[in-house]
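**Q** Need coordinates for the below:
(2 chains)
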Amino acid sequence: MREPVVSLRTYTLTWLALLGLALATTLIGLLNLGPFSMAVAILIATAKAALVVAFFMHGKYESKLVRVIIAAGVVWVLILVSNTLGDYITRGWLPVPGK
Amino acid sequence: MSKLDSVFELKSPDELQLREQFSTPDQQRETAMVGMWIFLITEVLLFGGLFTAFTVYRVSAPHAFDLGSKDMEIVLGSINTAVLICSSYTMALSVYYAEVGNQKLLMLFLLLTMFVGVIFLGIKFTEYYFHYLDHKVPALWFEEHSSEAPKIQLFFVFYFIMTGLHALHMTIGLGILSVLLFRTLLGNINAEYHTPIEIGGLYWHFIDIVWIFLYAIFYIPGLHLK
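**A** Numbering: from 1, shown residues only, chains lettered A, B, ... in the order given. Presented below is the predicted three-dimensional model:
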């Protein structure tokens, strides 16, 4: 029998960290941070997702091939969001000739 | 003696559940993992498109989307977030007990994961019911008197589509877990071969990650307005 990939202790610590971060998200949400409230919530959510992928989904322990695939997914979402917003947010920054 | 022979000498392919196109159990496992992760990336494309659309409309109407977010059931939503994190934990423990070959605890934690998953869906539909009572269901019964009404309605359209798609994934996840439970019951899962449990676990954790982001974008921005 091989050793389990991740120990019970690591799973439990991950679980507690996720619960703690979820609580932090809610408490910080009660404050009025203006435009930053969404940014902070997304930032904490990303940290939680990273914990889930690394430990619950064994991402930290998988082969390089699997890790490249995971990274490709993250990069793809970044391209999608940043390029789309790059279009929508910058519309109206410059006048359109003839309009 | 080749690598292949040494594998077959120890155990018959049947016992190892090794399919003939693979040289080693490790190779077979890795192939399954790569396949599952690629599938999950296609799921990222599916939800990623919705998240991007939501962000574009939020950027164009931040105040209206905050007002919509104010009407979320924050207590139920927060409880549900904790519930789903707990179900991910029990799923992780299922994988752990599959790896050590403890079938009884594996089945117990699979059942527990399903039980907690059903609780999540129950709370989710209770939320939907409250939105219905609040007249906040677009197309069915939507009342809003502020000047931002159309944009707030758009917020709720996103809310129902995205959490609905998430709930659908949860339901499929429950189906997958039932199959895994059945296979464990038949004795197909052991310390040497438990890839199906790992694959099912990946799917379940992925659903958890989607919810983590749904919670952040729908429930949090309007919280300070309550």
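**Q** all helices for chain B, in order.
**A** Using DSSP state H, the helices found in chain B span residues B:3-10, B:13-16, B:25-60, B:62-70, B:74-100, B:103-133, B:149-185, B:195-218.
**Q** Tabulate the ones you listed (TSV), appending mean pLDDT and distance to A:Lys64.
**A** Where you see a C-beta, it was placed from the backbone N, CA and C, and this is true even at glycine. Listed next are the helices of chain B as TSV, based on pLDDT from 0 to 100; distance: least, C-beta to C-beta, whole Å:
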stretch	mean pLDDT	distance to A:Lys64
helix B:3-10	49	21
helix B:13-16	50	25
helix B:25-60	94	11
helix B:62-70	93	40
helix B:74-100	97	21
helix B:103-133	97	29
helix B:149-185	96	27
helix B:195-218	97	18
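**Q** how about those helices, which one is nearest A:Ala47?
**A** When the helices of chain B are compared by C-beta to C-beta, helix B:195-218 sits nearest A:Ala47, at 9.6 Å.
**Q** Okay, buried residues for the closest one please.
**A** For helix B:195-218, the neighbour count (16 or more other C-beta atoms under 10 Å in any protein chain shown) marks B:195-218 as buried.
**Q** Let me see the domain layout of chain A.
**A** A:1-61, A:62-99 (automatic domain parsing).
**Q** Buried deepest among those domains, which one?
**A** The highest mean neighbour count among those, using mean count of other C-beta atoms under 10 Å in any protein chain shown, belongs to domain A:1-61: a mean of 17.
**Q** so how far is chain A from B:Phe158?
**A** In this view, B:Phe158 and chain A are 14 Å apart by C-beta to the nearest C-beta, to the nearest Å.
**Q** contacting residues for that residue?
**A** B:Phe158 makes contact with B:Leu50, B:Ala53, B:Phe54, B:Tyr57, B:Phe218, according to C-beta atoms under 8 Å, 6 or more residues apart in numbering or on different chains.
**Q** Most neighbours among those residues, please name it.
**A** B:Phe218 (23 neighbours; other C-beta atoms under 10 Å in any protein chain shown).
**Q** so that residue makes contact with B:Ile161?
**A** No - counting by C-beta atoms under 8 Å, B:Phe218 sits too far from B:Ile161 to count as a contact (11.4 Å).
**Q** Now tabulate the domains of chain A in TSV and tack on mean pLDDT.
**A** Below are those laid out as TSV (pLDDT from 0 to 100):
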stretch	mean pLDDT
domain A:1-61	92
domain A:62-99	91
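**Q** For these, give me TSV that also has distance to chain B.
**A** Shown next, in TSV, are these (distance: least, C-beta to the nearest C-beta, whole Å):
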stretch	distance to chain B
domain A:1-61	4
domain A:62-99	4
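**Q** and those as TSV, adding distance to B:Val83?
**A** Shown next, in TSV, are the domains of chain A (distance: least, C-beta to C-beta, whole Å):
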stretch	distance to B:Val83
domain A:1-61	10
domain A:62-99	26
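**Q** nearest to B:Leu108, of those domains?
**A** Nearest of the domains of chain A (C-beta to C-beta): domain A:1-61, 14.5 Å.
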